Every structure is written in C-alpha cells, then in structure tokens.
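Visitor: build me a model:
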Amino acid sequence: LLGPWSPTPALLPQRQHAHTQRGWTLGVTFVRAQPQGGARPCPLSLRHCDSQGLGRGQEGHGLAASPGPGRRGSCLTPALGKSPGYRKGQCPPAPCSPHPPSRFSALPPVTNLTVKAWTTSSITLRWEAPSGLDQQNYTYWVRWTGQSDKTETRNTTDTIFTAEGLDPGSSYEFSVWVEKDGANSSEETLNATTAPNPVRNLGVETQTTSSITLRWEVPEGPDPQGYTYWVQCTGDGGTSETRSTTNTSVSVEGLEPGTLYEFSVWAEANGVPGSNQTLNSSTVPNAVTSLRVEDWTNSSLTLSWTAPQGPPHPPYTYSVSWVEEGTPASGTRHTLDTRVVLELEAGSLYTFTVWAERNGASSDNRTLTGATAPSEVTGLQNETQTSTSVTLQWEAPADPHSQLYVFWVQWVSGGHPQGEQGPQGRQANQTGKTNETRFEVEALEPGTLYNFSVWAERNNVASSTRSLRASTAPDPVTITSCSSASGGYKVVVTWSCPPGGYEAFELEVGRQRVSQPPSSCGKGVSMSGLGPAKSYPAVVTTLWDGMRAQSASVTCHTESAGVIAGAIIGVLLLLILVGLLVFFLKRRHEKKIEKRQVPRDLVFSFPGDILAEDFADHVRKNEKDSCCGFAEEYQQLALEDHSQSQMVASAPENSAKNRYRNVLPYDWSRVPLTPLRGEPGSEYINASFIPGLWSPQEFIAAQGPLPQTVGDFWRLVWEQQSHTLVMLTNCVESGRVKCAHYWPLDAQPCTHGHLQVTLVAEEATENWTVRDMKLRHMQEQKALSVRQFHFVTWPDHGVPHSPDPLLAFWKKLRQWLDQSMGGGPPIVHCSAGVGRTGTLIALDVLLRQLECEGLVGPFSYVRKMRESRPLMVQTEAQYVFLHQCILRFLQQSSPAPVKKGAIYENLSYENAAATEA
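Guide: Numbers count the residues shown, from 1 in each chain. Okay, here's the model as predicted:
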C-alpha cells in the first residue's frame with residue numbers, strides 16, 4: 001500500500017540529534033506522489049531497527065509510516081552493505097527502539113520537570129504528564145549525559161524517575177519525553193548535579209584566644225575543583241554563623257576565649273550541598289594574671305593567681321609545673337586558683353609555670369620565680385662578752401645550699417630596737433650580716449640585757465629566727481673617796497655609778513665583804529669593825545647578771561684617835577656588862593614562859609648553803625618549838641629592805657593591769673613588751689625576770705591574766721618565744737576569780753590582736769592537766785608551739801596536803817624543760833605571781849642545786865628572788881612547805897629514814913591585801 005517514497009533532502013530537519021552507539025536520529029519528511037500529481041505529507045517516524053525489528057541477522061535504520069489508528073504501517077530500510085537505498089518491508093508488530101522525536105512531534109511534552117531529590121550517586125526527577133490527552137499507556141523516556149559525554153537512556157511509566165550509578169558532585173543534562181503508540185513528544189531538558197561526598201580529615205590547624213583555623217581535604221569524586229565549602233560555627237548559646245570559601249582551610253575569628261564551639265563543614269557543587277562533617281573545638285583561654293607567692297616556709301610555697309578573663313564556665317583546670325635550680329622537679333593539675341606546693345627543698349630557688357586549660361585547650365604560660373625559706377640556725381650561744389660587745393656563735397642548717405646563706409643578726413635592748421633614737425638622739429646599728437657562723441656585736445651598752453635574733457637568708461627570703469638573751473659585762477666603778485670615821489674604827493667608801501646596768505656592788509675592806517644594793521653608788525657606805533691608825537685596801541666590784549666587772553681599789557687609812565677612845569669605851573663597856581649580868585641573875589627567878597613573839601625590829605643571823613646530809617637535821621632543828629626556827633628565818637626575809645623603783649607599774653595608765661595594788665614589778669627587772677603605736681602603756685605587763693641556777697633571767701614570774709590583759713599575756717609568750725607555761729591556780733577558788741581563762745575551751749581558735757591561739761591536745765590527771773597549744777602570728781605567718789602545765793590541787797590560802805603530788809608535777813615539768821632546749825624562759829604564774837609561783841621556782845632551782853652541788857640554800861635563794869620581785873614565797877607556810885618538799889626529795893633519793901616534823905603552824909600572810917596562793 002505504500003507508494004514510491006523518496007527522501008526529500010530539501011526538507012531535512014532544522015536540527016540534528018546526537019549520534020549514539022546504537023544509531024543516529026534524523027528529522028525527515030517524506031511525501032507520496034498522487035496520480036493527480038499532487039503530494040500529501042505523511043507523518044513518519046524514523047526508527048532504529050535491529051535484528052528484532054528487521055528480521056534475524058539484519059540490522060539497520062528504517063522509516064515507519066503510521067497511517068492511522070488500527071492500521072499496520074510499513075518500514076523502509078536501507079540495504080546493509082549495498083549501495084545507498086532503502087528496502088521496503090513490513091514493520092514488525094513491536095516497534096523498534098525509538099529515537100527522540102523529530103521537530104514535528106505527535107504528542108505534547110511533559111511539564112514541570114524538576115529535581116525531587118539527589119544523593120552522591122543518584123538524582124530523582126519528577127514531572128507532570130501531558131495535559132488534555134488520555135494519560136494511560138504513556139511511556140516516558142529519560143536520557144542523561146554526564147561530564148564525560150557518556151549517555152544513558154531509561155524508560156518508565158511513572159512520573160518519577162531515579163537515575164542511579166552517578167558520580168558524586170557531577171553535573172548531568174537530563175532529557176525527558178513521552179511516547180505512546182509509537183508517537184513521541186518533544187523533550188524537556190534539565191541540568192542537575194549530584195551531591196558531593198563529605199570533606200575528608202576535618203581537623204583543627206591552629207587555635208588562638210579569638211580564632212580557630214580549620215583544615216580539610218577535598219571530597220572523593222571525579223572533579224572536586226569547582227566545589228564551594230561552607231563552614232557553620234555554633235557557640236555555647238546556640239547562636240551560629242555560616243560562611244563559605246573555595247579553599248580547604250578557613251580561619252573563624254571573633255570568638256570568645258576559652259569557649260567550646262561546634263563546627264560543621266560541607267562541600268557544595270552547583271548549589272547542591274553534600275553531607276556535613278562536624279567537630280568540636282575550643283579557643284585558647286586567656287593566660288592567668290597576678291601570679292604571685294602568697295606564703296612560704298622552708299618546705300613549701302603557696303602560689304595564687306587571678307583566673308583568666310573570659311566566660312566563667314565551665315571551670316578552668318590549672319596546671320602548675322616547677323623547676324628547682326634549673327632541674328625539672330614536678331607538676332600538678334587542679335581547679336583552684338591557689339596552690340600549696342609541698343615537699344620542697346629548704347633555701348632553694350624554684351621557677352613556677354602556670355597555665356589554664358579548658359575544653360582541651362591550654363593558655364599561654366605565666367612564669368614566676370619563688371624561693372623557700374632556709375631552715376633555722378641551730379646551737380645559738382653566747383661565746384664571749386665584754387662591757388661593749390657580745391660574740392655569738394651558731395651552726396648553719398643542714399640545707400643543700402647552706403654554703404650560700406647570708407646570716408643576719410638583730411639585737412634588741414629593753415624591748416626596743418637599739419637602732420631607734422635614744423635620749424641622746426644617736427642612731428646605732430640594729431642589724432648586721434655575715435657569711436660566717438660567728439658574729440661580734442659591738443658598740444653595746446655595758447651591763448645591759450639584749451635579745452639577739454639570728455636568721456639565715458637566701459634569695460631575699462629569710463628563715464625563722466633563733467633568739468638568745470645575753471648581757472654585756474658591767475663597767476667598773478670609780479672610787480671617789482674613802483674616809484675614816486668613828487675614831488678610826490670605821491671607814492666610809494664612796495664610788496660613782498658606772499654607765500650601763502648593774503644589780504649590786506660588792507665592797508671588800510680588809511677581810512670583810514658585803515653586798516650593796518644598786519642605790520648605794522654615789523652614797524657613802526660604812527664599813528666598821530676596823531682598827532684605828534691602820535691602812536686597809538678597799539675594793540669595789542660591779543655585779544650584773546652573774547658577771548663581775550674589773551674591781552676598783554683604793555687604800556683607806558683609819559684615824560689614831562680611836563685607840564685612846566677605844567680603851568675608855570672598853571672599860572665602860574666592861575662595867576656595863578658586869579651590871580647587866582647582876583641584873584639578869586637577880587630577875588632570873590621572875591622570868592615567865594610567854595608565847596613566842598618575833599619582834600620586827602630584831603635582826604637574826606641567817607643560814608647559808610646547807611650540805612645535803614645536814615639538811616634533815618636543819619629541818620628538825622627549825623621545827624622545834626612550833627617551827628620557831630623557820631619563823632625566825634622567814635621574819636628575817638620580811639625585814640629585808642627591797643625598796644626599789646616601781647614607777648612604770650604605778651603609772652595611771654597601768655593601774656588597771658595590776659590584780660593587786662601591792663604586788664608590782666620592779667622597774668629594773670620587769671619584762672617589757674613591744675609598745676603598740678598609739679597605745680600608751682602597751683609595753684607594760686605585770687611580769688618579772690627571776691634569776692635561776694645558771695642565768696639571771698631563767699624564769700618569768702607573772703600574775704594571772706585579767707580579762708583586759710589576756711592579749712598582753714599572749715604577746716608576752718610570743719615576744720619571749722616561751723614554749724612553756726606553768727599555771728598554779730584555778731580560775732575560780734572559793735568563789736573568787738583568781739585568773740582569767742586565757743586559753744581556748746575547745747578546738748575553736750581564739751584571736752587576740754594579731755595572735756591566734758589553738759588548743760591542740762589536752763591530757764588531764766588527778767593533780768594536773770597538760771595542754772598543747774599552737775600560737776600563730778597572723779601577720780608574720782609564723783607559729784610557736786606552747787605547752788601548759790596546770791597544777792590544780794594547790795588549795796586556796798594554803799599548801800598541798802603532801803609534797804608528793806607537787807614533786808611528781810615538778811619531775812614532769814623538769815623533764816619537759818630539759819628536752820625542749822631553746823626558746824625563751826618558762827612563764828610561771830598563779831594569781832598574783834609571787835606565792836605559789838615563788839615556791840615552785842624556788843623548788844626547781846634548789847633541787848637542781850642539790851643535784852649539781854650537793855648543797856641547798858632555801859633562805860639565800862628566796863632572798864635573791866625577792867630582789868627581783870616582791871613577796872616571792874608569800875607566806876611562812878609556803879616557806880616551810882618548800883623545806884618539806886626538799887626533805888621529801890632527799891627521802892625519795894636515799895633509803896635512810898628522815899624524821900618528819902609538824903609543820904604549817906604559822907599560816908599568816910605577810911600582806912593580807914594580796915590574797916594570793
């Protein structure tokens with residue numbers, strides 16, 4: 001039914017289609033000749049026919065005519081391998097694979113062709129079917145061509161199609177047309193791109209306090225050169241910022257220091273983003289500020305600093321490392337802004353490095369150099385002294401760098417640095433330094449007590465001080481005259497007061513030797529019992545602190561008139577004696593036994609030191625007649641004249657600091673405190689230095705603190721560096737307050753000015769309690785260990801019922817004092833600081849004298865104590881009890897029985913106003 005067909009080259013299509021592997025596409029219009037000579041165009045489609053379309057073993061191109069619905073068309077194919085031309089044949093029932101339609105389409109195209117979704121290896125398209133026609137039996141053809149010119153074609157009956165097996169991040173041209181019953185529409189074209197692969201190896205390259213630099217590698221794919229990279233930064237508050245770049249690194253700036261951020265990075269190709277890669281990273285914290293050394297000891301340093309500027313949370317972790325003298329030592333990590341570095345070497349220089357860490361990021365380092373204090377010197381002693389100098393000697397501490405230490409010496413006179421302006425306005429040296437362990441302090445005042453302090457120093461850091469009390473030797477007197485008196489039987493010696501201090505003078509004329517009080521200088525001192533018309537050497541020696549100055553001497557001449565007068569007086573005295581003898585013999589039978597009385601104007605002889613083996617007999621002798629002998633001795637002590645200056649204690653500003661008006665320290669022996677600025681009288685406390693067996697200031701006798709003097713009492717302990725307190729009274733006795741409770745009741749510290757007192761331990765027995773306390777100076781950051789021995793069974797207005805408890809208490813106290821050498825003198829107190837205090841101090845000194853010398857002199861020592869503080873051993877009962885304690889000590893030391901006598905008869909107080917015990 002097909003007529004003669006011939007191609008009409010003049011009617012070639014306006015565009016040609018791409019050549020493919022299976023064939024090519026050509027737009028052609030064929031016309032058929034009519035008998036009348038006319039021509040009618042016939043819509044044809046060019047089909048590619050393979051062996052299935054043309055028959056077995058045949059392949060080529062053919063033209064198929066579609067006469068109309070329900071009519072079978074014909075196919076014209078070129079002869080393969082022959083000369084150009086076409087072979088007429090019938091098309092198979094199944095159409096050949098169609099090529100895109102010609103410019104003359106039989107169907108309308110699809111509409112709204114869009115990309116629905118994409119992945120790294122696929123693109124999903126969607127469209128709408130042609131409108132206005134029956135949409136059943138539509139076949140949609142999809143063809144895509146990539147950047148490598150590879151073309152693929154697929155068909156589907158759905159309006160959604162997914163092209164798979166694509167390259168990531170690649171652009172494709174998609175063409176879609178519809179075909180039905182052999183008719184095809186024109187194609188709709190769309191360019192689409194697959195998503196890129198994620199970036200690779202995302203990491204942080206650098207961090208600062210305000211920026212983070214990220215770096216990554218390009219995604220895997222055929223052509224990653226044209227990618228755009230997006231970086232999103234999200235902070236702690238949830239706010240985010242996004243920026244793009246074509247590079248594989250980016251620096252995100254304007255960030256907060258020490259803050260954690262979340263970063264997301266993805267690649268984009270032609271507006272199509274890939275999946276993101278995420279990491280968390282933090283900016284670097286700012287460095288710490290105000291790094292400093294707050295405190296130091298010989299084994300530790302306390303560092304502190306200010307936290308870095310920036311957000312306060314989360315908390316920083318601080319790392320501290322240190323190097324000792326160039327050698328790395330150690331390091332720590334913690335979250336506090338202070339650090340106590342322990343177990344360091346004494347006297348060593350350390351370099352500390354501190355940095356802050358947060359979220360794994362570390363700040364810049366801050367460095368500080370600090371030094372530990374050297375250890376204390378040991379074995380400080382007074383080697384020699386003159387009237388103007390004292391030579392000190394000590395041992396260097398056993399520290400690794402002690403050979404590099406500088407030693408400082410400071411001296412204080414009378415509680416004030418000697419370097420302060422004195423009355424004459426001159427300025428004296430207060431401190432000196434040396435590299436040796438020996439130092440001579442010169443230009444001192446003669447006969448003056450000094451408190452010497454020695455400490456080691458290195459790297460401008462000083463050790464704790466060691467203190468020593470020592471006196472310069474006294475200066476000799478100058479004898480100004482020696483004149484005869486009483487007809488040649490007496491001389492009067494006068495000498496001038498030496499410069500500096502002195503506590504007594506020893507005058508020797510002939511074979512007679514007497515001790516004179518400090519007030520005797522400048523006044524004539526009589527020495528009787530001499531012979532007239534003779535020459536006697538007179539020697540005067542200054543005494544101070546157990547030292548003797550060089551003696552001054554002069555020759556004294558007595559008058560001759562005394563010889564004649566002496567003979568006359570001798571005869572007269574003989575006659576008087578005879579008369580008196582007759583008188584007493586006559587009245588002998590009238591004598592009555594009267595109650596013993598001791599006239600106050602009677603002067604008794606007093607015993608000297610007593611041998612240990614004779615002491616029991618001495619006690620038995622004095623116990624006779626209701627302890628008459630002890631009464632005579634004690635009355636002689638009461639008659640001793642110890643009138644000395646008490647001007648400081650009597651000053652109006654100090655009157656409220658005295659518990660009893662008649663118990664005041666002497667000016668020369670009182671213990672001065674360091675004065676407080678703007679507080680008159682702040683240098684005064686009712687306390688006195690008491691001589692002992694080896695030193696003129698072996699003890700401090702003090703009154704029990706009043707409520708208003710508790711702070712002064714602890715200042716006394718600190719300034720004297722006393723490790724030992726002895727308390728012999730209870731705070732309340734017989735309903736009367738005897739002493740303020742000056743120590744803490746429990747572990748809660750008490751503060752007095754710059755001093756803090758802490759009770760560390762307490763051990764109580766039947767007769768005494770021992771307390772350990774820590775006294776700390778808050779400004780100087782130093783501490784002192786103090787032990788208090790508190791005897792609790794000494795009755796008010798009496799003496800203990802037996803010497804045994806007090807002797808046991810003394811043994812425990814003496815054992816502690818022998819073990820804890822160094823520090824200041826022990827401080828002993830009761831209520832007034834004279835009765836019980838004097839008894840215990842005397843007992844300690846006399847028992848040690850007994851052990852060392854085999855001699856004991858209770859009378860002599862009590863009299864010596866009273867020269868330094870009035871009323872020491874205040875009652876006769878205490879004086880007798882002192883002897884009984886010594887006797888009991890001898891009984892315990894020797895198996896020989898010693899008879900006990902009745903004691904404690906005379907309990908009257910020497911001064912009832914000071915009801916002290």
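Visitor: just checking, Phe309 touches Pro257?
Guide: If you look again at residue 309, you'll see it is Gln, not Phe. Yes - counting by C-beta atoms under 8 Å, Pro257 is a contact partner of Gln309 at 7.2 Å. C-beta here means a position set from N, CA and C on the backbone, and glycine is covered the same way.
Visitor: out of those two, which sits in the busier spot?
Guide: Comparing Gln309 with Pro257 by neighbour count (other C-beta atoms under 10 Å), the higher total belongs to Pro257, at 21 against 13.
Visitor: now the more buried one: phi and psi?
Guide: phi -70, psi 150 (degrees, to the nearest 10).
Visitor: doesn't Pro744 belong to a helix?
Guide: No - assigned with DSSP: H, G, I helix; E, B strand; the rest coil, Pro744 falls outside any helix and is coil.
Visitor: tell me who's in contact with the spatially closest residue to it that is not a sequence neighbour.
Guide: Among residues not flanking Pro744 along the chain, Leu759 sits closest, at 4.3 Å (C-beta to C-beta, 6 or more residues apart in numbering). The contact partners of Leu759, by C-beta atoms under 8 Å, 6 or more residues apart in numbering, come to 743-747, 771-773.
Visitor: I'd like to know how far Met773 sits from Leu759.
Guide: For Met773, the distance to Leu759 equals 6 Å [C-beta to C-beta, to the nearest Å].
Visitor: overlap of the contact sets of the two?
Guide: Counting by C-beta under 8 Å, 6+ apart, the contacts common to Met773 and Leu759 are 743-744.
Visitor: after the helix or strand harbouring Glu440, next one along is what?
Guide: Assigned by DSSP states H and E, Glu440 belongs to strand 438-441. Per DSSP H and E, the first helix or strand lying C-terminal to strand 438-441 is strand 449-458.
Visitor: re the thing from before, element containing the residue nearest to Pro744, please.
Guide: Counting by DSSP H and E, Leu759 is part of strand 755-764.
Visitor: need the pLDDT of Val786.
Guide: Listed pLDDT for Val786 reads 96.
Visitor: show me what the next helix or strand after the strand holding Leu759 packs onto, helices and strands only.
Guide: Sequence order places strand 768-777 as the next helix or strand after strand 755-764, per DSSP H and E. Packing partners of strand 768-777 (3 or more C-beta pairs under 8 Å, 6 or more residues apart in numbering; DSSP states H and E): helix 710-720, strand 755-764, strand 782-791, helix 803-819.
Visitor: CA atoms only for stretch 452-466, dumped as CSV, please.
Guide: Output in CSV follows, covering the C-alpha atoms of stretch 452-466 (Å, rounded to 0.1, in the frame of the first residue of the first chain):
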residue,chain,number,x,y,z
PHE,A,452,69.7,38.6,120.0
SER,A,453,67.9,37.1,117.0
VAL,A,454,69.7,35.2,114.2
TRP,A,455,68.3,34.0,110.9
ALA,A,456,69.5,32.7,107.6
GLU,A,457,68.6,34.3,104.2
ARG,A,458,68.9,33.4,100.6
ASN,A,459,67.1,34.7,97.5
ASN,A,460,65.8,37.5,99.8
VAL,A,461,63.8,35.0,101.8
ALA,A,462,64.6,34.7,105.5
SER,A,463,64.3,31.7,107.8
SER,A,464,62.6,31.7,111.2
THR,A,465,64.6,33.4,113.9
ARG,A,466,66.5,31.9,116.7
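Visitor: show residues contacting it.
Guide: 296, 298, 347, 349, 371-378, 380, 390, 392, 394, 396-397, 401-402, 404-412, 433, 439, 441, 467-470, 782, 822.
Visitor: in that stretch, what counts as buried?
Guide: Within stretch 452-466, the residues that count as buried by 16 or more other C-beta atoms under 10 Å are 452-459, 461, 463-466.
Visitor: wasn't Leu574 part of a helix?
Guide: Yes - checked against three-state DSSP, Leu574 lies within a helix.
Visitor: okay, it: pLDDT?
Guide: Value listed for Leu574 in the pLDDT field: 75.
Visitor: how close does it get to Cys556?
Guide: For Leu574, the distance to Cys556 (C-beta to C-beta) stands at 29 Å.
Visitor: in terms of neighbours, single out the busier of these two.
Guide: The neighbour comparison of Leu574 against Cys556 (other C-beta under 10 Å) goes to Cys556, with 21 against 10.
Visitor: give me phi/psi at Ala656?
Guide: The phi/psi pair for Ala656 (degrees, to the nearest 10) is phi -70, psi -10.
Visitor: surely it touches Asp712?
Guide: No - using C-beta under 8 Å, Ala656 makes no contact with Asp712, being 11.5 Å away.
Visitor: between these two, who's got more neighbours?
Guide: Asp712 (23 against 10).
Visitor: where's the residue positioned nearest the centre of the chain, which helix or strand?
Guide: Geometric centre of the chain, nearest residue: Thr302, 4.2 Å, by C-alpha atoms, centre = their mean. Following DSSP H and E, one finds Thr302 within strand 301-306.
Visitor: show me what that strand is in contact with.
Guide: In contact with strand 301-306 (C-beta under 8 Å, 6+ apart) are residues 288-296, 318, 320, 337-341, 344, 350, 352, 354, 366, 368, 370-372.
Visitor: and with 6 Å instead?
Guide: 288-291, 293-295, 337-341, 370 (C-beta atoms under 6 Å, 6 or more residues apart in numbering).
Visitor: how about the helices in this structure?
Guide: Here the chain has its helices, by DSSP state H, at 51-54, 561-586, 615-639, 647-650, 710-720, 803-819, 835-853, 858-866, 876-893.
Visitor: can you give me the strands in the stretch 151-300 of the chain?
Guide: Taking DSSP state E, counting those that start in this stretch to define them, one finds strands in the stretch 151-300 of the chain at 151-156, 160-164, 171-180, 183-184, 188-193, 200-207, 212-217, 228-234, 240-245, 249-252, 260-269, 272-273, 277-282, 289-296.
Visitor: run through who's touching the third one.
Guide: Same thing as strand 171-180. Counting by C-beta under 6 Å, 6+ apart, 98, 107, 110, 113, 127, 130, 137-146, 184-185, 187-193, 270 sit against strand 171-180.
Visitor: list only those of these flagged as buried.
Guide: The neighbour-count test (16+ other C-beta under 10 Å) marks 98, 107, 110, 113, 127, 130, 138, 140-146, 184-185, 187-188, 190, 192-193 as buried among these.
Visitor: around Gly488, how many other residues sit close by?
Guide: Gly488: 22 neighbours (other C-beta under 10 Å).
Visitor: residue ranges with poor pLDDT in the stretch 501-650 of the chain?
Guide: Residue ranges of the stretch 501-650 of the chain with pLDDT under 70: 561-571, 582-607, 625-626, 641-642.
Visitor: pull out the buried positions in stretch 795-808.
Guide: In terms of neighbour count (16+ other C-beta under 10 Å), stretch 795-808 has its buried residues at 796, 799-800, 803, 805-807.
Visitor: could you export it as CSV, CA atoms only?
Guide: The C-alpha coordinates for stretch 795-808 follow below in CSV (Å, rounded to 0.1, in the frame of the first residue of the first chain):
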residue,chain,number,x,y,z
PRO,A,795,44.4,24.8,147.9
ASP,A,796,43.4,28.4,148.3
HIS,A,797,45.1,30.1,151.2
GLY,A,798,47.2,27.0,152.0
VAL,A,799,49.7,24.5,150.8
PRO,A,800,49.2,21.0,149.3
HIS,A,801,48.5,18.3,151.9
SER,A,802,51.6,16.4,150.9
PRO,A,803,54.8,17.2,149.0
ASP,A,804,54.4,14.1,146.8
PRO,A,805,51.9,15.5,144.2
LEU,A,806,53.9,18.7,143.7
LEU,A,807,57.2,16.7,143.4
ALA,A,808,55.6,14.5,140.7
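Visitor: ok, and what's touching that stretch?
Guide: 733-734, 767, 794, 877, 881, 884-885, 888, 917.
Visitor: now render the residues you listed as TSV, adding distance to Val514 and neighbour count.
Guide: Output for the contacts of stretch 795-808, formatted as TSV (distance: C-beta to C-beta, whole Å; neighbours: other C-beta atoms under 10 Å):
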residue	distance to Val514	neighbour count
Glu733	42	17
Ser734	44	10
Asn767	44	16
Trp794	37	23
Ala877	32	25
Phe881	31	22
Gln884	32	20
Cys885	31	25
Arg888	35	17
Ala917	35	26
